[in-house]
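# Below is the structure, and that's it, no one-letter string:
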């Protein structure tokens with residue numbers, strides 16, 4: 001049997017495999033196992049049953065999503081800039097129309113993601129826009145079998161002037177954030193969970209080791225988050241799932257300080 005790409009029907013994680021025996025993301029403590037057993041979707045099946053959407057968030061920022069929802073239903077962010085566009089995170093799957101929209105916006109020069117919950121169908125973007133640089137923090141390389149990492153990095157990696165990846169750990173050992181100094185944005189991965197209402201307004205902020213099971217981070221993990229983002233200026237955060245212009249540096253630091261001032265535990269702070 002030839003190698004091919006398969007998506008986990010439960011979480012959407014892609015593997016390049018003959019026949020995946022299990023899903024390392026679902027098997028991890030941060031996720032739930034599928035109640036009805038493993039089911040892996042061949043790429044052709046996903047392509048035949050899913051489409052997607054591209055919407056402009058700002059002059060230099062686009063969001064790409066997949067419908068119907070696949071797995072964790074994340075968002076792929078595209079920063080449009082002179083010198084080469086940056087894709088951070090990826091949609092769970094990209095239709096031909098979505099890929100054509102990215103082409104029309106200038107393609108992709110740099111690919112990166114915060115951690116495995118944001119990988120989506122990153123393999124598609126590499127396949128379409130090779131030789132884009134693919135930067136993943138070295139601690140998470142074991143989860144990148146669906147694509148080829150060309151730029152593993154340690155604590156920091158500058159994708160381009162004003163766009164720097166910072167390892168923050170915590171939620172995953174290799175979790176990283178992308179600081180967009182020019183746009184005043186922090187692509188924070190799952191450092192923060194932003195609860196939003198039906199209209200997209202942010203209502204609460206929290207930090208977790210595992211969202212589904214409400215496993216808290218330790219004080220050392222929260223402190224590392226704080227130490228990393230304290231020197232960074234930003235007016236909005238973007239997770240793999242939410243765009244939150246209500247959360248700036250002061251709000252993010254206050255949430256971390258609140259967690260450091262009490263015993264470890266998950267608490268959703270109203271915004």
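Now that the structure is in, tell me what you want to look at. Since the model is a prediction, treat every value here as computed from it, not as a measurement.

# Quick one: residues contacting the residue most central in space within the chain.
Geometric centre of the chain, nearest residue: residue 118, 2.7 Å, by Cα atoms, centre = their mean. Each residue near residue 118 by Cβ atoms under 8 Å, 6 or more residues apart in numbering is listed here: 74, 88-90, 189-190, 240. For glycine as for every other residue, the C-beta is placed from the backbone atoms N, C-alpha and C.

# got the contact list for the helix or strand harbouring residue 7?
Residue 7 belongs to strand 4-8 when assigned by DSSP states H and E. For strand 4-8, contacts defined as Cβ under 8 Å, 6+ apart pick out 13-20, 23, 25-26, 38-43, 46, 70-71, 92-93, 121, 123, 146.

# Buried ones among the residues you listed?
Among these, those classed as buried by neighbour count (16 or more other Cβ atoms under 10 Å) are 13-16, 20, 23, 25-26, 40-41, 43, 46, 70-71, 92-93, 121, 123, 146.

# Which of these fall in helices?
Residues of the buried ones among the contacts of strand 4-8 located in helices (DSSP state H): 43, 46, 123.

# what's the neighbour count on residue 232?
16 (other Cβ atoms under 10 Å).

# so it, which of the three states?
coil (DSSP: H, G, I helix; E, B strand; the rest coil).

# Residue 188 versus that one, what's the distance?
According to Cβ to Cβ, to the nearest Å, residue 232 and residue 188 sit 10 Å apart.

# ok, now residue 146?
23 Å.

# Please apply the same query to residue 29.
Taken as Cβ to Cβ, the span from residue 29 to residue 188 is 21 Å.

# Looking at these two, which has the bigger crowd around it?
Using other Cβ under 10 Å, the more surrounded residue of residue 29 and residue 188 is residue 188, with 28 against 10.

# Does the more buried one touch residue 88 like I think?
No. Between residue 188 and residue 88 there is no contact under Cβ atoms under 8 Å: 10.5 Å.

# Now list whatever residues contact both of these two.
residue 114.

# List of residues touching stretch 152-165?
Taking Cβ under 8 Å, 6+ apart as the rule, stretch 152-165 contacts 79, 81, 83-84, 86, 110, 112, 133, 135-138, 141, 151, 166-167, 176-182.

# now that stretch, how far from the centre of its chain.
16 Å (Cα atoms, centre = their mean, to the nearest Å).

# for stretch 10-23, same thing?
18 Å.

# Kindly check the end-to-end length of that stretch for me.
9 Å (Cα to Cα, to the nearest Å).

# before we move on, back to that, will you turn the ones in helices among the buried ones among the contacts of strand 4-8 into a markdown table that also has distance to residue 213 and pLDDT?
Below are those laid out as a markdown table (distance: Cβ to Cβ, whole Å; pLDDT from 0 to 100):
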| residue | distance to residue 213 | pLDDT |
| --- | --- | --- |
| 43 | 30 | 98 |
| 46 | 28 | 98 |
| 123 | 28 | 98 |
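
# need these in a markdown table with distance to residue 244, can you?
Output for those, formatted as a markdown table (distance: Cβ to Cβ, whole Å):
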| residue | distance to residue 244 |
| --- | --- |
| 43 | 32 |
| 46 | 29 |
| 123 | 28 |
